[in-house]
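Asker: Predicted model follows, preceded by the sequence.
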Amino acid sequence: MSFMSVPPLRAPQALVDPFGRRVTYLRLSVTDRCDLRCVYCMKEDMTFLPRKEVLTLDELDRLASAFIRQGVTKLRITGGEPLVRRDVMDLFRSLSRHLRSGALAELTLTTNGSQLARHADELAACGVRRINVSLDSLDRARYAAITRGGRLDAVLDGVAAARAAGIVVKVNTVALRGGNEDEVEGLVRWCHERGMDITLIEVMPLGETGEDRTDQFLSLADVRRRLAARFTLTDLPLRTGGPARYVHVEETGGRIGFITPLTHNFCESCNRVRVTCTGTLFMCLGQAGAVDLRAPLRASSDDAALSEAIAGAIAAKPRGHDFVIDRGRPAALARHMSVTGG
Ligand code: SAM
Ligand code: SF4
């Protein structure tokens, strides 16, 4: 009996960068569009990408699945606003197969919450267990001002619907000088009374917004000092491989995360990469270096070239970023956060 020689199947290359960091976390943007125009994120009159440049839902699925085969175990869907992408639930339904197979440990979402109420049950049914909801104010007028027209009540309904569906909600709040700095304590109390963690984020210099970021920037070191005058804060050893550092608040029993890209560098334990909705892989949020994955994706229905391109990109992941916000200095990077999804 003779056997035909079959070329050996090439095992997908695990994603380990030159600094020995294993990339296990992908943040995938599914649209650059958004129904809000947050003052630190976008210009009022944003020009969005032509649709043909944006990956189809099938392409997004193939791309995410290639990363999962190469060792990504956590996938965050983001945007722009992911829930404004038409039929985005088809993508969640399809990706949930990786949760069922055990290849993916977590499928999650970052959303502004405006469309969450009508999608919460289905997200839960797809296996989404935790989500991040961005919320910078609990005051209707102020929320509308920061988001340039957003409706606070829609977000609060969305948060309530997600929680009712059994999804754990973490709130993300960008700390804004003169914007919501007097409300941080109130937001912390509001979240903790509901058993939700809150993460505070410093404004990052990404993309022009038509506003001066020097005026928006509020150091979280100052915010923390003010919170420490009201609460007993204890540092927690909790590390998620991400930029957040957590404290426990004795009085509320809850947690506050601090993301301080400008005052502290958090790169040494970075386990993540980002892909835009056009299939551009950014190895670092704070660096311009990128690799196009759309060409290999569209060149063939076979994923070999795509997997090669992913592995090659990770081999070039930079050590870290060097953000600076200075008066008169343009944004450190021309691309907006809504491009890479934060
Ligand atoms: N639209 C969704 C949302 O707002 O949650 C997902 C995408 S949004 C780009 C992801 C996160 O990035 C949000 O929490 C938002 O507040 C944050 N963000 C946007 N621009 C930022 C900037 N320049 N500096 C810091 N955080 C920013
Ligand atoms: Fe939209 Fe999110 Fe950017 Fe606000 S932060 S404009 S909600 S993408």
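Answerer: Everything's here; your move. Ligands and ions are numbered 1, 2, ... in the order given.

Asker: Following the chain onward from the helix or strand where His192 lies, which element is next?
Answerer: Assigned by DSSP states H and E, His192 belongs to helix 184-193. Using DSSP H and E, the helix or strand that follows helix 184-193 in sequence is strand 198-201.

Asker: is any part of the next helix or strand after that next one close to ligand 2?
Answerer: Using DSSP H and E, the helix or strand that follows strand 198-201 in sequence is helix 213-216. No. Judged by C-beta under 6 Å from any ligand atom, helix 213-216 makes no contact with ligand 2; its nearest approach is 12.8 Å. Where you see a C-beta, it was placed from the backbone N, CA and C, and this is true even at glycine.

Asker: Which residues of the stretch 1-150 of the chain lie near ligand 1?
Answerer: Residues of the stretch 1-150 of the chain lying close to ligand 1 (C-beta under 6 Å from any ligand atom) are Cys34, Tyr40, Cys41, Thr78, Gly79, Glu81, Thr110, Thr111, Asn112, Ser134.

Asker: Ser65 reaches Ser101, doesn't it?
Answerer: No. Using C-beta atoms under 8 Å, Ser65 is not in contact with Ser101; the gap is 10.6 Å.

Asker: Give me the distance between the closest residue to Gly195 other than its chain neighbours and Ser134.
Answerer: With C-beta to C-beta, 6 or more residues apart in numbering as the criterion, Gly195 has its nearest non-adjacent residue at 7.4 Å, and that residue is Gly254. Note on Gly254: its distance to Ser134, by C-beta to C-beta, to the nearest Å, is 18 Å.

Asker: Looking at those two, which one has more neighbours?
Answerer: Ser134 (23 against 20; other C-beta atoms under 10 Å).

Asker: For the nearest residue to that one once chain neighbours are set aside, what is the enclosing helix or strand?
Answerer: Leaving aside its sequence neighbours, Ser134 sits nearest to Asn172 (C-beta to C-beta, 6+ apart; 4.7 Å). Counting by DSSP H and E, the element that carries Asn172 is strand 168-174.

Asker: Please could you give me each C-alpha atom of that strand, formatted as PDB?
Answerer: Once non-C-alpha atoms are left out, strand 168-174 reads as follows in PDB (Å, rounded to 0.1, in the frame of the first residue of the first chain):
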ATOM      1  CA  VAL A 168     -21.400  42.800  33.900                       C
ATOM      2  CA  VAL A 169     -21.000  46.500  33.000                       C
ATOM      3  CA  LYS A 170     -17.900  48.500  33.600                       C
ATOM      4  CA  VAL A 171     -18.100  52.200  33.100                       C
ATOM      5  CA  ASN A 172     -15.300  54.100  31.300                       C
ATOM      6  CA  THR A 173     -15.000  57.800  32.000                       C
ATOM      7  CA  VAL A 174     -12.600  60.200  30.300                       C
END
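
Asker: Now stretch 33-40: average pLDDT?
Answerer: The average of the pLDDT scores along stretch 33-40 is 96.

Asker: Just give me how far that stretch sits from the chain centre.
Answerer: 15 Å (C-alpha atoms, centre = their mean, to the nearest Å).

Asker: Output that stretch in CSV with nothing but the alpha carbons.
Answerer: Extracted as CSV, the C-alpha positions of stretch 33-40 are listed here (Å, rounded to 0.1, in the frame of the first residue of the first chain):
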residue,chain,number,x,y,z
ARG,A,33,-18.8,55.7,12.3
CYS,A,34,-20.6,56.9,15.4
ASP,A,35,-23.9,58.4,16.5
LEU,A,36,-22.0,60.7,18.9
ARG,A,37,-19.2,63.2,18.5
CYS,A,38,-17.4,63.3,21.9
VAL,A,39,-15.4,66.4,22.1
TYR,A,40,-12.1,64.6,22.9
